[in-house]
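the sequence and its predicted three-dimensional model are supplied below.
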Amino acid sequence: MQPHTDSPTVPTACGCGEPAEHVTTFGERFAFFRQAVKRIIGAPDYEVYLARHRQIHPEVPPMSEKEFFRFAMDRRYSRASPRCC
């Protein structure tokens, strides 16, 4: 039997007993959910592209949102692959 403590249980980030670094807000959770849904359905994520582009190519201007979506759709649907129909 564990001793009773007055302090509440601290939420853990990974379930390993380590305290979470920050408490997530509803907005953060919603953004995570939105990104997960986009990945599941295969929709491109412009915000992720911008963050990655700033990391890798800070000297090159990024594509506009319209150019990015056209590039992503062209890349996704222009692959030559054997199809049954």
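Okay, I see it.

dump the residue contacts of residue 50.
Remark: with contacts taken as Cβ atoms under 8 Å, 6 or more residues apart in numbering, residue 50 is in contact with residue 62. (Each C-beta comes from the backbone N, C-alpha and C, glycine too.)

that one in helix, strand or coil?
helix (DSSP: H, G, I helix; E, B strand; the rest coil).

for the chain, which spans come out with low pLDDT?
When the per-residue scores of the chain are filtered using pLDDT under 70, the ranges that remain are 1-23, 80-85.

if you set the cut-off to 90 instead, what comes out?
1-24, 27-28, 31-48, 69, 72-85 (pLDDT under 90).

quick one: the helices in it?
Listed from the start of the chain, the chain has helices (DSSP state H) covering 26-41, 46-56, 65-77.

now the angle from the first one to helix 46-56?
Taking axes from the mean of the first three to the mean of the last three Cα atoms, to 10 degrees, one finds that helix 26-41 is oriented at 90 degrees with respect to helix 46-56.

over to the last one?
Between the axes of helix 65-77 and helix 46-56, defined by the same axes, to 10 degrees, the angle is 100 degrees.

which helices and strands sit right next to helix 65-77?
Helix 65-77 sits against helix 46-56, with contacts defined as 3 or more Cβ pairs under 8 Å, 6 or more residues apart in numbering; DSSP states H and E.

buried residues in the helix it packs on?
Burial within helix 46-56, assessed by neighbour count using 16 or more other Cβ atoms under 10 Å, is assigned to 46, 49.

got the CA positions of it in CSV?
Backbone C-alpha positions of helix 46-56 (Å, rounded to 0.1, in the frame of the first residue of the first chain) are rendered in CSV as follows:
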residue,chain,number,x,y,z
TYR,A,46,1.8,23.8,-45.7
GLU,A,47,2.7,24.8,-42.1
VAL,A,48,5.0,21.7,-41.8
TYR,A,49,6.5,22.4,-45.2
LEU,A,50,7.3,26.0,-44.1
ALA,A,51,8.9,24.9,-40.8
ARG,A,52,11.0,22.3,-42.6
HIS,A,53,12.0,24.7,-45.4
ARG,A,54,13.2,27.3,-42.9
GLN,A,55,15.4,24.7,-41.2
ILE,A,56,17.0,23.3,-44.3
